[in-house]
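Peer 1: What would the 3D arrangement of this be:
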Amino acid sequence: MYDLVIRGGTVVDGSGLPGYRADVGITAGRITRIGRVPGRGAEEIDAAGLVVTPGFIDGHTHMDAQVFWDEQGSCSAWHGVTTAVMGNCGFTLAPARADARHLVTRNLERAEEISAAAMEEGITWTWETFPEYLDAVDALPKAINYAAQVGHSALRTWAMGERAFDGAASESELAVMEAVLREGLRAGAVGFTTTRNDNHETADGRPVASRLAAWEEVRRLVGVLAEEGAGVFEITHEPAAAGTEEAREEYFARVRTLAVETGVPFNFGVTGRNGVFHGLHLLDSIAAAGGVAYGLGHSRGINTVTSFRTRTAFDKLPLWREIRALPLDAQRTAYSDPRTRARLVAIATDGPYGRAIGAEARKPDFDRMRVYDRPMPPLRTVNEAAAARGVGPVELILDLALESDFHRMFIQAVVSDDPADLLPVMRHPRTVMTFTDSGAHVGSMADASLHTLLLGHWVREQRAFTFEEAIRMITYAPAAAWGFPDRGLLREGLAADLNVIDPDTVAPLMPEVAYDIPGGAYRLRQRATGIAATVVSGEVAFREGVHTGALPGRLLRGPLAPITNRPGRRR
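Peer 2: All right, here's what the predicted structure looks like:
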């Protein structure tokens, strides 16, 4: 007797090989038969005309805080993600001493735009050490699976306190970090992460803690992974990666040497601009030298989303700031007044926008800012739409805002969204399609839809990939990169994390503004269509994007965790 049978679908198993017609039988959270399944299951899904795939794996999220107040794992779960890897960019909620929790939340507030009020209200702190944090996540009710990495910034604040934001670690402080990282890996952390990027600042304008680390500190901590023989290393690049050729080559040489000397699998974001792909060259050079590295790719181009119901690029400007503080009805009156509008347009054209980091709204580039009026490309640029109406770009934005009762959204790529820059990264054999940042930037980004955008736009509409190729990119490839041996493929004996998909309709839907975060903050909530069912550990967690109430998710611990703590075992 099977607990669940998915009957009559086309199995696309994650390997990249052609799909085939088969039933899938599931017992006790495992795939126990693929082929013809005789008899009935306790529960059945009719998958005729649909495709059955492994559950999607997202290796770059910041769900570390959200997991405590969102048992569904949205928005990722709505787009077919069954496993989310958190703790990226060096930002984690552990280790954190009870009297110094503000030191770890400080790293998350601005760099990842995770609301301090939400963390204060939504998290019940029951841990200090990283093993205790893992146990806390393990105990949570959750619809999807999570894996956690140890963050460098948290290690520094544990070992150094406030000094972590001021300078280099002493030898004794570095020894503490090494010991705590080792402890985390042995408890089940799947990696270690850091950021060296100047886009990562605290709310009070200081570099996040890991940016103050000397390269020798990074080298020593990656060495712990090598000594333990487990875990991946994720690095958010130094500014030199986009700097002069001399600076870039010096930095890349350090990364390449560390990867080769330690043998630890590395991963980092890769993008292209104007046909230049420095990150891809680094991946290839690491492999040629005998190291292992994976690039994190994107199906849209990392972006910021703005609207008059959330925030706009103009909010920092004089007069705009005053009007934007008013209720929407009063704003409507102001934007409709010709004299006020003329002043606003002039200020928006020449105004002092200041510096923006991360996904913060930035000075608009009307040749890159697009009218976000459909969930998938192509989208008109603001300049294109303005020219069609015979108005200026700021006037167009105001017109569309008024016509839509302020619901119209605009999207601007932080990095290139040109297909000529996206496709070479997506097609590169050493990249993985996984860079949603889910759990972070929830009020300014709509990247949790990366997976359904890949299937709807790049597979169905553009035919840039076969369905089999795309599924491999978001299942087996990340499972191999982060070390999940029992996920990412549909094989008898492996974990039963699956999606049942309509390839003719799968796509993201438009984002909507929702006030459902602890503390009252808003977020952009984006659902999908075309996913008939998402199965986690053998239980149907979502049907047609609606949570069934099932909470079969678990914490996936790394290979050094005691056997009783690993998935499939209960303590």
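
Peer 1: Going by C-alpha atoms from here, please, whenever you check contacts or count neighbours.
Peer 2: OK.

Peer 1: Export only the CA atoms of stretch 317-336, formatted as CSV.
Peer 2: Written as CSV, here are the backbone C-alpha positions of stretch 317-336 (Å, rounded to 0.1, in the frame of the first residue of the first chain):
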residue,chain,number,x,y,z
LEU,A,317,13.9,64.1,-3.0
PRO,A,318,12.6,67.5,-1.7
LEU,A,319,8.9,68.1,-2.2
TRP,A,320,8.5,64.5,-3.2
ARG,A,321,9.3,63.4,0.3
GLU,A,322,6.7,65.8,1.7
ILE,A,323,3.9,64.7,-0.7
ARG,A,324,4.8,61.0,-0.3
ALA,A,325,4.2,61.3,3.5
LEU,A,326,0.5,62.2,2.8
PRO,A,327,-2.4,59.8,2.4
LEU,A,328,-2.9,58.5,-1.1
ASP,A,329,-6.0,60.7,-1.7
ALA,A,330,-3.9,63.8,-0.9
GLN,A,331,-1.1,62.6,-3.1
ARG,A,332,-3.6,62.1,-6.0
THR,A,333,-4.6,65.7,-5.7
ALA,A,334,-1.0,66.9,-5.7
TYR,A,335,0.0,64.8,-8.7
SER,A,336,-3.1,66.0,-10.6
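
Peer 1: Tell me how far G223 lies from R566.
Peer 2: In this structure, G223 lies at 24 Å from R566, with Cα to Cα, to the nearest Å as the measure.

Peer 1: Please look at T534 and V546 and confirm they touch.
Peer 2: No. Shown here, T534 and V546 do not form a contact pair, counting by Cα atoms under 8 Å, at 9.7 Å.

Peer 1: More neighbours: which of those two?
Peer 2: In terms of neighbours (other Cα atoms under 10 Å), T534 is the more surrounded of T534 and V546; the figures are 33 against 15.

Peer 1: Return the list of strands paired to the strand of greatest length in the chain, each annotated with direction.
Peer 2: Longest strand in the chain by number of residues (criterion: DSSP state E): strand 2-11. Partner strands and pairing direction for strand 2-11 (DSSP bridges) are strand 20-27 (antiparallel), strand 41-46 (parallel), strand 51-54 (parallel).

Peer 1: Not counting its own residues, what contacts the shortest one?
Peer 2: So that's strand 51-54. Contacts made with strand 51-54 from outside it, assessed by Cα atoms under 8 Å, 6 or more residues apart in numbering, are listed as 9-14, 471, 475, 487-490, 496-503.

Peer 1: what's the spacing between that strand and its chain's center?
Peer 2: Using Cα atoms, centre = their mean, to the nearest Å, the distance from the centre of strand 51-54 to the centre of the chain it belongs to is 22 Å.

Peer 1: Report the rounded mean pLDDT for it.
Peer 2: When the per-residue pLDDT values of strand 51-54 are averaged, the result is 99.

Peer 1: Okay, now the sheet partners of the helix or strand following that strand, with direction.
Peer 2: Past strand 51-54, heading to the C-terminal end, the next element that is a helix or strand (DSSP states H and E) is strand 56-58. Here strand 56-58 is paired, per DSSP bridges, with strand 81-86 (parallel).

Peer 1: What is the end-to-end distance of stretch 283-297?
Peer 2: As for stretch 283-297, its first-to-last residue distance stands at 12 Å under the measure Cα to Cα.

Peer 1: P131 belongs to a helix, doesn't it?
Peer 2: Yes. Counting by DSSP: H, G, I helix; E, B strand; the rest coil, P131 is part of a helix.

Peer 1: and it, how many neighbours does it have?
Peer 2: That count, for P131 with other Cα under 10 Å as the rule, works out to 20.

Peer 1: Might one say that it is in contact with G184?
Peer 2: Yes. With contact defined as Cα under 8 Å, P131 counts as touching G184 (5.8 Å).

Peer 1: can you pull the contacts of G73?
Peer 2: Under the criterion of Cα under 8 Å, 6+ apart, the neighbours of G73 are Q66, V67, K142, A143, I144.

Peer 1: Three-state assignment for H407, please.
Peer 2: When the rule is three-state DSSP, H407 gets the label coil.

Peer 1: can you count the residues close to it?
Peer 2: Look at H407: counted by other Cα under 10 Å, it has 18 neighbours.

Peer 1: For it, grab phi and psi.
Peer 2: Torsion angles at H407 (phi, psi; degrees, to the nearest 10) stand at phi -90, psi -20.

Peer 1: and it, how far is that from S307?
Peer 2: In this view, H407 and S307 are 7 Å apart by Cα to Cα.

Peer 1: ditto for F435
Peer 2: With the distance defined as Cα to Cα, F435 ends up 23 Å from S307.

Peer 1: Enumerate every residue touching the closest residue in space to D497 that isn't next to it in sequence.
Peer 2: Using Cα to Cα, 6 or more residues apart in numbering and skipping the chain neighbours, the partner closest in space to D497 is V536 (4.5 Å). With contact taken as Cα under 8 Å, 6+ apart, V536 is in contact with G29, G55, T82, A143, I144, N145, A496, D497, L498, P552, G553.

Peer 1: now do Y515
Peer 2: Counted by Cα under 8 Å, 6+ apart, Y515 has contacts A521, Y522, R523.

Peer 1: pLDDT below threshold where in the stretch 201-350 of the chain?
Peer 2: Across the stretch 201-350 of the chain, not a single residue meets the criterion (pLDDT under 70).

Peer 1: quick one: the helices in it?
Peer 2: Taking DSSP state H, counting those that start in this stretch to define them, one finds helices in the stretch 201-350 of the chain at 215-228, 245-262, 278-289, 320-324, 328-336, 338-350.

Peer 1: Go through the contacts of G73 and name the one nearest D198.
Peer 2: Q66 (24.7 Å; Cα to Cα).

Peer 1: pLDDT value on that closest one, please?
Peer 2: According to the prediction, Q66 has pLDDT 97.

Peer 1: next one: the one 10 residues further on
Peer 2: The predicted local confidence for S76 comes out at a pLDDT of 97.

Peer 1: Leaving out chain neighbours, which residue sits closest to it?
Peer 2: Looking at S76 with Cα to Cα, 6+ apart, the closest residue is A448, at 5.4 Å.

Peer 1: so that neighbour sits right up against G80, yeah?
Peer 2: No. A448 lies out of contact with G80 (Cα under 8 Å); the separation is 10.0 Å.

Peer 1: Looking at these two now, which is surrounded by more residues?
Peer 2: When neighbours are counted by other Cα under 10 Å, G80 comes out ahead of the other of A448 and G80, with 33 against 29.

Peer 1: Spit out the contact partners of the more buried one.
Peer 2: Residues touching G80, when contacts are defined by Cα under 8 Å, 6+ apart, comprise G55, F56, H451, T452, N499, I531, T534.

Peer 1: Same check on P393?
Peer 2: Contact partners of P393, counting by Cα under 8 Å, 6+ apart, are F366, V382, N383, A385, A386.

Peer 1: Among those residues, name the buried ones.
Peer 2: F366, V382, N383, A385, A386 (16 or more other Cα atoms under 10 Å).

Peer 1: about what we covered before: compile the helices of the stretch 201-350 of the chain into JSON lines and extend it with columns for mean neighbour count and distance to T271.
Peer 2: Converted to JSON lines, the helices of the stretch 201-350 of the chain look like this (neighbours: other Cα atoms under 10 Å; distance: least, Cα to Cα, whole Å):
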{"stretch": "helix 215-228", "mean neighbour count": "18", "distance to T271": "23"}
{"stretch": "helix 245-262", "mean neighbour count": "17", "distance to T271": "15"}
{"stretch": "helix 278-289", "mean neighbour count": "18", "distance to T271": "7"}
{"stretch": "helix 320-324", "mean neighbour count": "16", "distance to T271": "33"}
{"stretch": "helix 328-336", "mean neighbour count": "15", "distance to T271": "38"}
{"stretch": "helix 338-350", "mean neighbour count": "15", "distance to T271": "29"}
